[in-house]
Every structure is written in structure tokens, then in C-alpha cells.
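Colleague: Turn this into a structure:
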Amino acid sequence: MAVSLSKNALDAMRLLDGQVPTSITLSGTKFLANGHPILTHVPSNIVPTPSPFSFAGPDKTKNNSASAGCFVGFDAAEPSSRHVVPLGKLSNIRFMSIFRFKPWWSTHWVGSRGREVEYETQMMILERSDIGRPYVILLPLIEGPFGGSLQSGVDDNVDICVESGSTKVCRSSFRSCLYMHVGEDPYNLVKEAVKVARVHLGTFRLLQEKCPPDIVDKFGWCTWDAFHRFVNPKGMWDGLKALQQAGCPPGMLIIDDGWQSVCLDDDPIQKEGIDRAATGEKKGYRLVKFQENYRFKDYESTKTPSNKGMGAFIKDLKEEFNTIQDVYVWEALCGFWGGIRPNVPGMPESRMVYPHVSPSLLITMKDFATENITRDGVGLVPPEQAHKMYEGLHSHLKSVGIDGVKIDVIEVLELLAEDYGGRVELAKAYYEALTTSLRKHFKGNGVISSMQQASDFFFLGTETIALGRVGDDFWGTDPYGDPKGTFWLQGCHMVHCAYNSLWMGNFIHPDWDMFQSHHQCAEFHAASRAISGGPIYVSDSVGNFNFDLLKKLALPDGSILRCQHYALPTRDCLFEDPSHDGKTALKIWNLNKYSGVLGLFNCQGGGWCPQSRRKKSYPEFANLVVCYASPKDIEWNICNTPVFVDGVSIYAVYMYQSKKLMLMKATEKMVISLEPLNWELLTVSPVAILPKRQIQFAPIGLVNMLNSGGAIQSLELDGNKNLIRIGVKGRGELKVFASEEPWACTIDGAPVEFAYNDEMVRIEVPWLNSPMLSMVEYLF
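Modeller: Below is the predicted model:
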């Protein structure tokens, strides 16, 4: 695949002419980062190769170039389909990492020694030191038909594991299965390393080269927790009607698993067995038709009775609920969980394939989906025929009015590659066929990717896919039976999403998944979704919507107040453990157009257990935590449209829960205490000054909305007229900081009442029922 980077994606990246020294060197038996040891006792079979790429400094001159990174490989004694090779010892350097705890899902892990590195680590960052050692990223790559990961070795070694996924695909020599890169900024470090991988591999595109689908700006409803596999037109209609009547109608709908035509291998093809599958019967169901099952096929339009089927339902639904502009449906990468049933007339050919689970994945957490697929096998369409499967499925969906797909069980290909040239070649063939179909039927980006959190997908499957899940599934209760899971699992989910975004957000726009607005921890989830920067959707059953909470997230036109970036952990959290160290709060930041936002969450009480190889409750850590929050926690300049803070000396900080305002210098800190599963949101707004009268002013936003600052869409200061004009999206209680009381306020030119208390101006903004902003003026 030809490499074609956009100008923006290239930034200051360029090929070196050989005159810039590499930042990563192998000196004797030590890997050095800018001269500082990071790995020691490096074996003699490890082979470093300086990267040909560099990043220019601020003036983009050669003399101000940042030094390049380094590719790492090795030579083995014998060819094999799987190698585990020590890279060197890691001692007393703190690291943060992203590792797979299931074949499909990844999460955050920290440590300081090689023995603490988890299996299936997809990315690892070493902390910088006060004596000059920079941040260092270790990024396993794809090399040829092999995928890679890091893991712990003997005696504090960090090992590189490379696997082809097929005993028929063997090699003994590697030169670029790992990339190491240095930097002084941890966020830019990851971005730069992924850009190098982008050009080196030429098999994917960066998020900044793509556009996420329109649903990122929408409030939505997903049918999964509401109906599971019993999803049906009447139930969906009732739920949508309830949301509409309550004043928070969705802008998008996801019809999850349960709409397809599936049956058992020994059933007549005409017999649809989905109802039995929904009761938990442990048998392998496979797709037998591209068309919808009987519950949708039998739908008759109430408006035009002669119109029937899924197409009639989607047409009626969009006409009745006109805020819904996008309807997505669920599908599995291989058609269904069990693939496509072999020998079905009208369907692509398939053959039964039984998974080969690698030794590294065998010691990940027990997983129902993996167990079922291993037991029942997958009806796999041969890779050269995969285009027929996607064309058949997607052309039908497009014809009935579907706008996009949620693709699940993506990482299953890794388990099925024995007879297909290995994991990389099988994945390439499937992703090429999928990409072609998505471009033809769903604008290329009409996708939510799921169960995909492994390097194979990111390096091979993101040519056009631009939105994906960054956490595991939302679980209202523990599927493994721990009654306390109703609570501790919620903190785990939030930690997964926040830290995974640091890595995955370079490829896909992060989606934090659905949640239930009636759950005991619903506000905890809602606060995080509000500032996540992604779509917001719930999965409540009909009759269980918490409308008061949903109105803090969704506007009456089905849209949301979305941040400009995607949420990431603050610097002081990157190398900490906000799940189960008993002391660290999760702090995440994001940017709106004219302010920043900090989310503070006590997620303590559960997480990964290396000994039992599973997530579990840690009640001894579910304690009150004390954290510090400051304007400098926000990375003001990281976004494509950064918030201007040069020369700003004071910030207005509004606390959502306590409804208090504080004025803070950039370096000042406030202390906040959080009980388990409690939270706070801080809107941090740079204070501007009207020069004539030296009036200080900062917009806060609609404080009835969880992402208050997202409501401010324009800001204009007129120093000559002592006037400030802001454009507001949404409705409700608008607050701004002002050091003096204005003499008048207007909305769209008409005078309005206002209140002035505690240096805040309060105005009630009505809903315009149009895409136009409410223009609010403050006259001083």
C-alpha cells in the first residue's frame, strides 16, 4: 500500500540525511536514551537500526532537529512461528503501559521493573528523570507476517514476543519488530512514534488524516441492555417515543445484536434460533441470511401498510423521530459470533475453523466470547471471498436505510490464521475487503469499531475507520457474579477508556461506550462521557430512563456539547494507578473552544490482578482520595485549535458539583477530596480584560449541562464599546465571571433580566429550536 501522508500529518517529520545522531543507542550491553541507561544486560543478538525519520524543532531547521528514534530487531538460532527474546533488564524506572487483558480489550498498567511488565503489552512509556533522561516509548510493531508485544522476562528482563499465528509461517531474523523513541512531552511522544510507524508500515492512516462519523456529535440510544437479542421494532419505537416526549430525543440509534437471521448448524435454514440463543444456550449460532430476522421482516408500516420489513421500519422511524439522522446496526467482523454457516445457498462459501490461542493469550482473563468461539468454531469465509460477504451484508443494509455499522469481535482473526498465511496476511485481506465496502456504502467512516484493542487492528485496519471503543463493555453488574462489581467495575471502565485513549486516539476517535442512566453510578459515568470528546449514548430499557440526568448531556435536537479533543489523563496521573493503589484519583482533561475542563474521579476499588489473571474487587483500596487540581493540568496547546492562554495570568475555575467559582493563577492548586465513585468537573476559563475599565471577564457556560464550557461557541470582546458578545449553543442557566456588574444584558438584541452574585452574571437562555446560536451580549 502506497504511503500518502497529508501535510498536516507530516507536520515537521522528515527523512534524515544521516547527519543527526540517534537518540537511542546501544552502547555495549546498555540501551541509552540521550545518554541515559534505560535497559541493561542487552543480549548480543539484539540488533538496533537508527530510524531514518526525525522531527524538526520549532524553527524547522536542520540544526534544530530533534534526534531520531531507533528500530530494534533480533536474530534467533532457528526459524519459528513464535519467538520470545529478552531486550534487556529494566530496573527502577517507572513505566506506564497498555496491555491486553482479554484478546479484545486492553487497559492501563504501571510498574518500575521488568518483572512487572504484563503479557501482551501493546505500548510502554518509561518516565523521564530529573537528571535528563527523557520519556521513552517502546512500541512493538508488525514486521512482515509477524505481530509483536512486550512481556515480562526472567530476572527483570523485558521480552519482545513476535508471533505469526501460523505454524506454517516461520522466520529467524527481525530488524523492526520494535520502535523506541524519546521526547520531553509524553503526549507528543506517542504521537511522534505512531507517525513514524505510519510511514514505516504504510498500512494505516492517522486519526488526523480522517474524519470521524457525524455520530460523534450526537446523543444516542443503543438497544443492547434494553433488549439484548430480543430487540424488536415495537420496543424501539416505545423507547424513542419516551425520549422524544421527555425533551431529550436521540440524534442516533444503534440496533445492536439480535436483528440478524441466524441458526444452529443442524437446524433447517428456515428456522431462526436467535430466541434460544438469547436465553444463554451454549451453542454456536451462525449467519444464514444477510436480511433481517422475522421480527423485523414482519414489520408493517403504520403509515403505508403495503410497506414491510426493515426498510419500512427505518423509514417510518426517521420520519416520526426527525432528530435521528443516523441508524447503525451491529455486525461481527466474520458475519456473526460463529461466522457464516457453511453450505447455505445464496451465502458466500465458508469453512469451519477452530481457533488456535497463543500462549500469551491463554493466560489473559477468562472470557465467555473466547470460550464459545473456541468450542464452536467460526464459519470463516476465505479471505479472497471476504469482499462478497461485506458486499452482500452492507448493500442490503444500505438499501433499507441503515447509515453505518458497529463492528464487533474484530480481533478474532488472530485466532483463525493457521491456514491463511498467518495473522497479518489474514487481517490484511479482511480489512482490505471491509474498507472497500465501507467506502462504497457508508462513506468510509460510518463505523464504530469494537472488540478491536490490539495492535493488529490499529496497524492494519484503520485506513478508513475513524471511531472506536477505548474501553471494554459497560457492565452494570459483574458477569462473573461478584455483587460488588456493580460498583468497582465502573471505575475500571473509566480507567480503561482514559488511558487507552493515549495510544488508540492516534488511530481512532475514542468512544467511551454506552451506559445506563438509571444505574447506581450513572452520574459518575455521565460526567466522564460529557467530557470524553466522543459520542454519548445510553442503553436503558424502556421505562428506566433517567431524563433529568440525560438533559444534562443531550440537547433537544439530539446533539451534545462535545469537547474539541478527546479526554486524556493529566501528566501527574500517567504513571500512577487510579484503580487500586488507594490514593490516586483519575484526573482527565479536555478542551472546549474557549475553556478547558478537568474531570476528577475516584475510581479506586478494583482492577487487574496479576496473580489470579483477572479483574477483581480490591475493597481495601476503596477509600477517600485527596487530589490537587490546577489550570496547568490542562494541555492547552495540544489541540488543532488550541485555547489561547499566552499572557493569561488568571483563570476562572467553576466547580460543577459545588457550584462555586475560584480565581486561580496557572500554577496554583486547589485541594479536592473524593469519596469512592464520587467526582467533580471543573470548567477552567482564561480571564480576559476589557482594557478601558480593566474589567475581568471569563465565560463559564451552561451550568445545567455537565460539559458547561462546551456551550460557548463564539467569544468577542469589543474594548471600544465595553461590550462582550458570546454565542451559546443550548438552553438553560448561563454563567460568566465578571469583576464588575454589567449595566445591561441582551439575547439576540433583546434586553433580558440577569442576576449578579459572587462575581458571576447569571442569565436564562431559551431553546431556539434552530441551529443558530443564541447571541448574548454583556454591556459594561
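Colleague: Which strand residues bridge I560?
Modeller: A554 (DSSP bridges).
Colleague: How about the contacts made by it?
Modeller: Taking CB atoms under 8 Å, 6 or more residues apart in numbering, we find I560 in contact with 217-219, 251, 530, 535-536, 553-554, 707, 710. Quick note: C-beta positions are derived from backbone N, CA and C, even for glycine.
Colleague: So which of those residues is the closest to I137?
Modeller: P535 (28.6 Å; CB to CB).
Colleague: so what's the closest one up against?
Modeller: 215-220, 252, 467, 511, 560.
Colleague: Among those, which ones are in strands?
Modeller: Assigned to strands by DSSP state E, the following of the contacts of P535 qualify: 219-220, 252, 467, 511.
Colleague: Farthest-apart pair in the residues you listed, please.
Modeller: That would be F219 and L467, which, of the ones in strands among the contacts of P535, are the farthest apart (CB to CB) at 15.4 Å.
Colleague: can you list the ones in strands among the contacts of P535 in CSV and add pLDDT and distance to H356?
Modeller: Below are the ones in strands among the contacts of P535 laid out as CSV (pLDDT from 0 to 100; distance: CB to CB, whole Å):
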residue, pLDDT, distance to H356
F219, 98, 42
G220, 98, 37
M252, 98, 38
L467, 98, 30
D511, 98, 30
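Colleague: For these, pick the one with the most neighbours.
Modeller: D511 (29 neighbours; other CB atoms under 10 Å).
Colleague: So what pairs up with that one in the strands?
Modeller: Counting by DSSP bridges, D511 is bridged to R469.
Colleague: Would you quantify the distance from it to T462?
Modeller: Relative to T462, D511 is positioned 14 Å away (CB to CB, to the nearest Å).
Colleague: What of E371?
Modeller: With CB to CB as the criterion, E371 and T462 are 28 Å apart.
Colleague: The two - which one has more neighbours?
Modeller: More crowded of E371 and T462, by other CB under 10 Å: T462, with 26 against 11.
Colleague: Could you double-check that the more buried one lies in contact with F507?
Modeller: Yes: T462 lies in contact with F507 (CB atoms under 8 Å); the separation is 4.5 Å.
Colleague: Need the overlap of contacts for those two.
Modeller: What both T462 and F507 touch, as defined by CB under 8 Å, 6+ apart, is the set F204.
Colleague: for this structure, where's the lowest mean pLDDT among helices and strands?
Modeller: helix 7-10 (a mean of 45; mean pLDDT, DSSP states H and E).
Colleague: The strand ranked longest in the chain packs against which elements?
Modeller: In terms of residue count, the longest strand belonging to the chain (DSSP E) is strand 171-183. Identification of packing neighbours for strand 171-183 by 3 or more CB pairs under 8 Å, 6 or more residues apart in numbering; DSSP states H and E yields strand 24-27, strand 30-33, strand 46-50, strand 70-80, strand 135-140, strand 147-152, strand 157-163, helix 186-201.
Colleague: Select, out of the ones you listed, the one closest to T641.
Modeller: helix 186-201 (16.2 Å).
Colleague: Could you pull out the strands in the stretch 601-750 of the chain for me?
Modeller: 606-609, 614-617, 625-629, 651-655, 660-664, 670-674, 679-686, 688-690, 695-702, 712-718, 723-728, 732-738, 744-747, 750-751 (DSSP state E, counting those that start in this stretch).
Colleague: Give me the angle between the fifth one and strand 732-738.
Modeller: It refers to strand 660-664. Relative orientation of strand 660-664 versus strand 732-738 (axes from the mean of the first three to the mean of the last three CA atoms, to 10 degrees): 30 degrees.
Colleague: Could you export strand 660-664 as CSV, CA atoms only?
Modeller: Presented in CSV, the C-alpha positions along strand 660-664 are these (Å, rounded to 0.1, in the frame of the first residue of the first chain):
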residue,chain,number,x,y,z
LYS,A,660,-18.5,27.6,43.3
LEU,A,661,-16.1,29.9,41.4
MET,A,662,-12.4,30.4,42.2
LEU,A,663,-9.9,32.6,40.6
MET,A,664,-6.5,30.9,40.2
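Colleague: That one pairs with which strands, parallel or anti?
Modeller: strand 651-655 (antiparallel).
Colleague: Mind listing what's buried along stretch 749-760?
Modeller: By neighbour count on 16 or more other CB atoms under 10 Å, the buried set for stretch 749-760 is 754, 760.
Colleague: now that stretch: mean pLDDT?
Modeller: Confidence for stretch 749-760, expressed as mean pLDDT, is 97.
Colleague: go on, stretch 556-570?
Modeller: 97.
Colleague: still on that earlier bit, let me have the helices and strands packed on strand 171-183 in CSV, extended by distance to L600, mean pLDDT and mean neighbour count.
Modeller: Listed next are the helices and strands packed on strand 171-183 as CSV, based on distance: least, CB to CB, whole Å; pLDDT from 0 to 100; neighbours: other CB atoms under 10 Å:
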stretch, distance to L600, mean pLDDT, mean neighbour count
strand 24-27, 36, 96, 17
strand 30-33, 32, 97, 21
strand 46-50, 42, 96, 17
strand 70-80, 38, 98, 17
strand 135-140, 24, 98, 24
strand 147-152, 31, 98, 24
strand 157-163, 33, 98, 24
helix 186-201, 19, 97, 21
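Colleague: For F290, find the nearest of these.
Modeller: Proximity to F290 (CB to CB) singles out strand 147-152 among those, at 31.0 Å.
Colleague: That closest one: how far from the chain's middle?
Modeller: From the chain centre to the centre of strand 147-152 is a distance of 22 Å (CA atoms, centre = their mean, to the nearest Å).
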